[in-house]
Every structure is written in structure tokens, then in C-alpha cells.
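Engineer: Need a 3D model of the sequence below.
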Amino acid sequence: MCGIAGYISNKFSKCDLIKMTDVIKHRGPDSEGHYFNLEKRVGLGHSRLSIIDISSSANQPMKSSCGKYVMVYNGEVYNFKDIAKELDSISWKTSSDSEVVLEAFAKWGVEFVNKLNGMFAIAIYDLIDDKLFLFRDRLGIKPLYYYNDENTFAFGSELKALKKLDLNKSIDYSSIYSYLHLGYIPSNNTIFSNVKKLSSGSYIIFDNNKNLQEIKYWDSSNIFSKDTISDFDYAKNKLDTLLKDSVKKRLISDVPIGTFLSGGTDSSIVTAIAQKVSSKPVNTFSIGFKEAKYNESEHAKKVAEYLGTNHREFILTKDDALCELESIMDNFDEPFADSSALPTMLVSKMARKHVTVCLSGDGGDELFMGYGAYNWASRLSKPLFWNLRKPLSKVLSYSNNQRKRAGLVFNSPKINWKSHIFSQEQYFFSELEIDDLLLKPNSNSIIHDINILKSGRELSKIEQQAFFDLNNYLKDDLLVKVDRSSMYCSLEARVPLLDHNIVEFALNVDDNLKIKNGVQKYLLKELLYDYIPKSIMDKPKWGFSIPLDSWLQNELYFMIDKYLNESVIIEIGLLDPTFVKELISNFKNGRTYLYNRIWNLIILNKFLSK
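Structural biologist: Residues are numbered from 1 along each chain as shown. Reported below is the predicted structural model:
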């Protein structure tokens, strides 16, 4: 895993290129390389975390054997040995996947990307035709940002690389609207007007005449079949085969490897299969907080003991976590309100002392319907429930435990209902509330629900909600969180459940095999019980979270004072001071469920105050 950066521009020098790679060196501390061509105005930079072929011969930037192409690449292509067999005319200089990726492009051109199984962000420059090609993996596991104006095209693995260049980085206030609603900035947008994310499953061709084409090579909405897979035995066996293949591929490494193990369904099945296909005990890592409510380490330990892994657990104090909180949130370079980035970073930091690669269980909830939001998608689709939503919301508002559900029901819109359900499950701001919160609202900025125009069948409301999460929450929140938090510690995180073959299979599994008799992720859990007894796995679902509500009332209250005081609100001139004051007052007076809204605004103002 690595960090990449570069530009086509006559404004910048090799010194600027070095600054770009230096600031992302945490992504690749093992070596650093640069390609700079003053005549062609091109710079490519690479910071390397050595995983496969750790020798210096596999360092980047790397030139193709034909001499026409130079590449910087971040990621892992797990089927590179199979691809190499199709390139039998090449005299290989390394045993790395990087060389295979470059030579595959040299032979097949942009179509080569369809052969790749893995996670990747790739930049290849054509020295003869003066073209730059950028590629991003199908699910958007690896990040890639780019800047484009009339004078400069630049790219980087993280926004901080682009911040090192003298560019027009004006704030995109429409992205703030989406952030307040979702807790992250969705789609291909960023907090800056001229900076975009390369869309997942896409590539860019940028030529020396400043023409930019972005082309989609893989589209998840294209792969729905007319009929769903409803045979339980077939589905279970097929999933088992796909998972074994995916996990086995992701255990390929020339450095120590392990898994994150929380004891939940997703991390447990990844770990169980890894242990089964591995020739030696797998390294597993878990963390817990001394506050019992947030300590899952005991359950993870039981799973590890049953499987016979080489397990390490780290029990953290409140002080351990709090001293890292601000630095990890700053690492995201733009407003990002997912506080579970902190425990993700902490477990990555601990694991990095023992391994360089870890497998993670991300993707199971979106593919196999593990979130409570899917129940709300089903309820709100029923005409009777919809017609009674106003009296129902009034009833919910009387209950302290259910009060936050009142807004979910009452404010539910006819359009954008998928983003609304997600927003209110996380308990961020609804569209109606944002119009009151912002001094100058921009209601056209909300992320609009994805229409499955190419679907081979009519999707149920639950399927639509899960598909929304796969293309938004997973890609722009969870995978961002895992990438930044792990790479902050120079640790590579791999996600076996997001092998595109598994995704394409899961999207066509019938709802009744995903939720059955009220059991969510039914198919995945039934497969898990073949590896770990149900008696061990029987426990309530609990997210990877921190006691943020308690901390904001106590140790972190200074952040409310610092970033949400009236003078800061007025100086920034974005939020309505009266709205914020009332929100804080309600939080202080017992409505602690408002903590995610408070945190959302703290992160926003912390960023804008810089």
C-alpha cells in the first residue's frame, strides 16, 4: 500500500512534487520516488509501503519494458500472478504486482482494468502521446482526488497532497449541506470546489490539450439480474466458495499479516476463513475501553480462543483515546463526523507493532442487510404507516428513548427518502432542519437518491436502501475511515467481503435470505455457524464506537465552548447562532442523543476556523 501524487502543469517544480509525497509519507514510509519531466510539465510521486516483493527493484515510479509508460500505483491486485501468465512475453524484473499492472496496461490499454481483482488507485503517464490515465477500483476502496482548472491538473491519494500546491481551493458550500445531512461529503465531491474524487469503478484520460474524459468501466447498478437467488443451500455454498477464494487471495503477502477481530459477524467470518485456509495461526487484534458498555474484547477473545488464533487485545483508558481524538479527525482533511475513526485508528496503531497488513470485515452490513435502517425503509414504504406518520411521530416524541425517531417519521420526504433514513438513523440533520440551521440554505445540494435505471428487476425498498448505503455510506464514510485510520499508522487494510465477485453475487441474493424471521444477515450468519458455534456468536449487535455522548458532556465539553460559541458562529457566518444555542441547551439539559449533531458541527467549525 502506498501514497501517490502528481501533476501536469508548468506552475510547479520537482520541489513541489517532493512536498506532495512527503506529506503522505505515512502511507508509505519504506521508500520514496519521483519522476519529473520539465519539458512535458509532468511530475509523478510515490511513497511506498512494501508488501509484495519488498526489494528496491519494485520501487516506484516504474517504467514499462517498452519505455513508453511510467506509473505510480497504490493498492493490491490479488490476481496478478494469473494476469502475468497471460503476459508470457515479458522478462520480469520483479515479483511484484506493480510490474504486472503496468505491463498489462502496456499490452491491453485501458481495458486492462477489467482484468484486475483488487483495490487500487493507479496513475500511468504516456510519454509519447502526452496522456495521463487515472484508474480507481470498482468499490472505491482506495482513494484518489484530483484538481482541474485551465492551468493545472493534479492528483493525490489524500487531499493533503493537493493542499501542498498553490491551487484555487475555495470552499464548496453545497458540500457542507450534504455533510450536515450525512456526516460525510458524498459522491465525487469534496469540501473544495475544484477538487473531486475519481468515481469508483472509473478511469480518467487527461491529455496535453487539457481534455478530460471520465469513463465508467464498472457500474453496480448494471449487475442486477432479472431473478434473485432464493435457494438457501445453493446460496450458502456459493458464498462459502467465494469467501474462501477472496480471503485466500488477500493473505498473499511478503510481510506479517493479521485480521481485525471485534467478535461481530463480519470480522468473525473473515477471521474464521483466514484461519482455515492459512497454514499457521492467524494474528488477530481487538481493542476495548475500560467502560464495559464499549468493551467487546471479551467476546472477541472467546472467538479467537475457539478458532485458535494468535490473539492480542488492547484495553484502552479514556485518556489513551482522548489524547488522539483531535489528531485523527484532522487527518481526514475535510469535515468527517464518523467518530468511530478513533477506535479504528487505535486498533490499527496497536496492530502495526506486529503486522503490516490486516484484513477487515467491512461490507457485510450493506451486502447482507445488517442495519436497522432497513426496517425503516420497509415501514415507510407501507401506505398505512405513511399516512399515520404525523400522529406516530407525536407519540414517539413523548418517549425519551424514541424521541429522535419522531423526526425520522415526521420529516420523511417523498424524494431523497433513502438519504433521509440514513441521516436520521445516525441522527444528523434532516433537510428541513438544515434549511433552518444555515443562514443561506442551498436545498439543491442534498445528495439525491440513486435511481436504479439499469436494474434488471424492480428492487424492494429494503434493497434500495442497502444499495444506497453500498454506493454512499460504505464508499464515502466507512472505507474512507478504514483507509485513513489504517494508513495513518502505515498499516494496509484489506476487505475480503468487497471482492467484486462477492458484491455481484450478494446484490442478486433474495431479500428473504438476508433477513429471515427478523434475523438480519441471515445467510452470512448461517454460513458463520459452520465455522463458529451459534452459542458463541449469540450476542447483540454493537457498533465499533466510543462513548462520545458522555465525553462531550465532560472531558470534551471544551470543544463545544471552543468551536460552537456565539462569537465563532458569527465570525464564520454559516450557521444560525440561535439554532446552535438551542441545540447545545437541549443537549446540556438531558437530550444526550443529540451528541452526533453537536459533534457534526464541532468538526465543521473546527475545519472552517482554520
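
Engineer: Pretty sure W551 sits against S339.
Structural biologist: No - counting by Cβ atoms under 8 Å, S339 is not a contact partner of W551; they are 9.1 Å apart. In this view, the C-beta of every residue, glycine as well, is placed from N, C-alpha and C.

Engineer: in what helix or strand does W551 lie?
Structural biologist: Assigned by DSSP states H and E, W551 falls within helix 548-553.

Engineer: ok, and for the helix or strand just after that helix, which residues are buried?
Structural biologist: Next helix or strand after helix 548-553 toward the C-terminus (DSSP H and E): helix 557-563. Buried residues in helix 557-563, counted by 16 or more other Cβ atoms under 10 Å: 559-560, 563.

Engineer: got it, and stretch 476-486?
Structural biologist: Neighbour-count burial for stretch 476-486 flags 476-486 (criterion: 16+ other Cβ under 10 Å).

Engineer: what residues does that stretch touch?
Structural biologist: Stretch 476-486 is contacted by residues 139-143, 158, 182-187, 328, 331-332, 336, 338, 340-341, 344-345, 348, 358, 360, 362, 492-493, 495 when judged by Cβ atoms under 8 Å, 6 or more residues apart in numbering.

Engineer: Go again with 6 Å.
Structural biologist: 141, 143, 184, 186, 331-332, 338, 341, 344-345, 348, 360, 362, 493 (Cβ atoms under 6 Å, 6 or more residues apart in numbering).

Engineer: Likewise for stretch 343-353?
Structural biologist: Here stretch 343-353 makes contact (Cβ under 6 Å, 6+ apart) with 285, 287, 314, 328, 358, 481, 485-486, 488-489, 491, 544.

Engineer: which one of those residues sits closest to S200?
Structural biologist: For the contacts of stretch 343-353, the minimum distance to S200 (Cβ to Cβ) is 15.7 Å, reached by K481.

Engineer: ok, and the closest non-adjacent residue to that closest one?
Structural biologist: A341 (4.7 Å; Cβ to Cβ, 6 or more residues apart in numbering).

Engineer: and the gap between the one you found and V42?
Structural biologist: To V42, A341 is 34 Å away according to Cβ to Cβ, to the nearest Å.

Engineer: So for those two, which sits in the more crowded spot?
Structural biologist: Neighbours were tallied for A341 and for V42 using other Cβ atoms under 10 Å; the higher tally belongs to A341 (25 against 21).

Engineer: Backbone torsions only: list them for the more buried one.
Structural biologist: Main-chain dihedrals, A341, degrees, to the nearest 10: phi -60, psi -30.

Engineer: Just the ones of the contacts of stretch 476-486 in strands?
Structural biologist: If you go by DSSP state E, the contacts of stretch 476-486 have A493 in strands.

Engineer: can you list the contacts of stretch 476-486 in a markdown table and add pLDDT?
Structural biologist: Putting the contacts of stretch 476-486 into a markdown table (pLDDT from 0 to 100) gives the following:
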| residue | pLDDT |
| --- | --- |
| I141 | 98 |
| P143 | 98 |
| Y184 | 97 |
| P186 | 92 |
| N331 | 92 |
| F332 | 95 |
| D338 | 95 |
| A341 | 93 |
| T344 | 93 |
| M345 | 94 |
| S348 | 95 |
| S360 | 97 |
| D362 | 97 |
| A493 | 97 |
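
Engineer: re earlier: return the subset of the contacts of stretch 343-353 lying in helices.
Structural biologist: 328, 481, 485-486 (DSSP state H).

Engineer: now, which of these sits nearest I204?
Structural biologist: For the ones in helices among the contacts of stretch 343-353, the nearest to I204 is K481 (24.8 Å; Cβ to Cβ).
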